[in-house]
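1. model this:
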Amino acid sequence: MKTEAIESAQFAYRYAVYFIPALHSEWWAAGCHWLGRCAATGQPLQQPLIPGVTAAQFQRYTQEPRRYGWHATLKAPFELMPGESLASLRKAMQALSLALPAFDLPALQVSTEGDFLALRPARHDDALQATADACVTRLHHWAKPLGAADLARRRQKPLTPAQDQLLTQWGYPWVLGEFQFHLSLSGSMQGLSEAERRSLVQAAQQRFETLPPCRFAHIALFVEPEPGADFQWLESLELRG
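-> Okay, the predicted model is just below:
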């Protein structure tokens, strides 16, 4: 990682802790090309051609996850707590990475749960749950509490009382007991015909379900330089627990 990248990220709007496949791996390339952008380089990438779906449609329906980069959320985007710094956050992540072990993810399957396309584990995995829980709880000190506007935005989607309590306490409703690991492949698929949905699902299955097992060996720090900007990869920390 270049020193300039760290220096420019010191005053970023928000930070996030993600799982990403190893850079330059088959998994990284497959996801980045699907979304049409590499969050490590910031460069646009050629998306695959999907039979029955136009290039313009595919670009539009991958617009939302493309901005966030190819990832699965561990600690949702947050502003730094006043008085804390990028340096102290990185130090905390380094300590966490030394305590967490690497492991193989369960088989990842294409899912349309929630009306968006994503890769989800075929089964619950204790190591995955423990890693996600640790990222949420042990890095929470560095996250500024959500303001009223952000809470209202999160509550636009219906939440259960338990999810609302998690939102208030941890800044995100889908953590701990509500955590659902997923790598997003699209935004909402509303507006697509059944035939177009089937084409997307089949293309995703052919692209991702034929890859070798995916290793969870790093936690990654991403930054949103300014509100609404594309999220950028800053560094990956190897799990050595």
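
2. and residue 133, what are its phi and psi?
-> Note on residue 133: backbone dihedrals following degrees, to the nearest 10 are phi -60, psi -40.

3. residue 134: which element?
-> Under the criterion DSSP states H and E, the helix or strand holding residue 134 is helix 126-138.

4. that helix: how far from the chain's middle?
-> Using C-alpha atoms, centre = their mean, to the nearest Å, the distance from the centre of helix 126-138 to the centre of the chain it belongs to is 14 Å.

5. buried ones in it?
-> Judged by neighbour count (16 or more other C-beta atoms under 10 Å), helix 126-138 contains these buried residues: 128, 131-132, 134-136, 138. For glycine as for every other residue, the C-beta is placed from the backbone atoms N, C-alpha and C.

6. check the residue lying closest to residue 81 once chain neighbours are set aside and give its pLDDT.
-> Distances taken as C-beta to C-beta, 6 or more residues apart in numbering put residue 144 closest to residue 81, at 4.9 Å, once the chain neighbours are dropped. Predicted confidence (pLDDT) for residue 144: 96.

7. give me every residue that touches residue 144.
-> For residue 144, the set of contacting residues under the criterion of C-beta atoms under 8 Å, 6 or more residues apart in numbering consists of 78-82.

8. how about the CA coordinates for the helix holding residue 134, as CSV?
-> Taking C-alpha atoms only, helix 126-138 is exported to CSV below (Å, rounded to 0.1, in the frame of the first residue of the first chain):
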residue,chain,number,x,y,z
ASP,A,126,-19.2,-20.8,13.4
ALA,A,127,-15.8,-19.3,12.3
LEU,A,128,-17.5,-16.9,9.9
GLN,A,129,-20.0,-15.8,12.6
ALA,A,130,-17.3,-15.3,15.2
THR,A,131,-15.1,-13.3,12.8
ALA,A,132,-18.0,-11.0,11.8
ASP,A,133,-19.0,-10.6,15.5
ALA,A,134,-15.5,-9.6,16.4
CYS,A,135,-15.2,-7.0,13.7
VAL,A,136,-18.5,-5.4,14.8
THR,A,137,-17.8,-5.4,18.6
ARG,A,138,-14.1,-4.9,18.8
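
9. what's stretch 192-199 in contact with?
-> The list of residues contacting stretch 192-199 from outside it, by C-beta under 8 Å, 6+ apart, reads 50-53, 57, 61, 112, 189, 200.

10. quick one, helices of this protein?
-> According to DSSP state H, the chain carries its helices in the segments 3-9, 26-35, 55-61, 63-68, 86-99, 126-138, 148-154, 161-170, 194-208.

11. thanks a lot, see you next time.
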